[in-house]
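# for reference, the sequence and a predicted model appear below.
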Amino acid sequence: MELFRIKNDIPFMKHARVFNVISFLTFAAAVFFLVVKGLNFSVEFTGGVLVEARYSQAADLEKIRGSLNQLGIEEPQVQNFGTSRDVLVRLAVKDLQSGQIGTQGKLDQAAMTEKVLRSGGPDVQLMRVEFVGPQVGRELAENGVIALMIVILGIMVYLALRFEWKFAVSAIIANLHDVVIILGCFALFQWEFSLSVLAAVLAVLGYSVNESVVVFDRIRETFHKTRRLTVAQTIDNAITRTISRTVITHGSTQIMVCSMLFFGGPTLHYFAVALTIGICFGIYSSVLVASPLVMWLGLTREDLIKPVKKDREFETP
């Protein structure tokens, strides 16, 4: 199904160097923010107590921090969450009064934090209280990295078997480009990086590789259909022919992601943000990063269309 059809091929490969310079600068900026500012890990990774509260009016964050400091908590993380009325308080494990906090300890900690939050304004409503031990947080972080590596390895093996190693290398570079940019955005704005965001990053990897496979399939199909086009022209033709499909699939997906972003509440907010960034950059990388890399790695018609060998038994002397 096509939403529209473009008659003339768009010369994407003619401007491939410009697009890749933009990609490199964006990638470098993301790495810079990751190194300088780092990710704002949630208590799921760092361990500690997380309390979310909602006020009827704008909360006084400085007053809340001062009250927590008076309780002996040196560096409480107090910030607005979404609006000026929503407050998120993170207390690291080192700031807690007891080394091991059981169910009663968690209740006492929640009661103490609620009392502090009430000092920031009237009519406070406690939305959620979460506790994660440091050992659990460390295991979650390690398992998340392992899951990311397994997904990357699986994608490379799949593309190498389905197409050719040049496609596998190009696609994984493009997909890692998407992942690093998502992480860079979260580091730049200090958005909370939680398990749901990690799940979104893994989803983006699979989503981006799907777009790359569609373009690669069309490149192989075009090689089979015509011999008069150069490699660059073949790639341009393949990308142009898939634009309508890209608009339909990514547009439909983004509509659903936007519904989670605006109506899904705090739990799905950053999950939807990560998916939105991944979808936008996934389109860009699949078309304007992976495809030029395939061309520059020396893609030829013979890589996808193997020459037919003649059977010597039927050759005449």
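Arrived safely, thanks for sending.

# helix, strand or coil for F131?
Assigned by DSSP: H, G, I helix; E, B strand; the rest coil, the conformation of F131 is strand.

# show me how this protein divides into domains.
Per automatic domain parsing, the structural domains of the chain span 13-40+137-301, 48-132.

# who's in contact with the residue nearest to F41 when sequence neighbours are not counted?
By the measure of Cβ to Cβ, 6 or more residues apart in numbering, the closest residue to F41 outside its immediate chain neighbours is F193, 5.4 Å from it. (Glycine included, C-beta is placed from N, CA and C.) Contact analysis of F193 by Cβ atoms under 8 Å, 6 or more residues apart in numbering lists 39-42, 45, 183, 186, 270.

# hmm, back to that, deepest of the domains of the chain, which one?
Highest mean neighbour count of those: domain 13-40+137-301, a mean of 18 (counted as mean count of other Cβ atoms under 10 Å).

# can you report phi and psi for T226?
Dihedral angles of T226 (phi, psi; degrees, to the nearest 10) stand at phi -140, psi 150.

# the chain should start at 739 in everything you say after this.
Got it, first residue is 739 now, which makes that one T964.

# need the contact list for V895.
By Cβ under 8 Å, 6+ apart, the contact list for V895 reads A906.

# one more: S932?
780, 782-783, 1008.

# for the residues you listed, which one is nearest V827?
Proximity of the contacts of S932 to V827 (Cβ to Cβ) peaks at S780, which lies at 12.5 Å.

# hmm, that closest one is touching L788, no?
Yes - contact criterion Cβ atoms under 8 Å: S780 and L788 qualify, at 6.9 Å.

# overlap in contacts, the two.
Joint contacts of S780 and L788 (Cβ under 8 Å, 6+ apart) are R828.

# tell me the spacing between the residue nearest to F779 and K775.
12 Å (Cβ to Cβ, to the nearest Å).

# and the domains of the chain: which comes nearest I744?
Nearest of the domains of the chain (Cβ to Cβ): domain 751-778+875-1039, 5.3 Å.

# what's the offset of that closest one from the middle of its chain?
9 Å (Cα atoms, centre = their mean, to the nearest Å).
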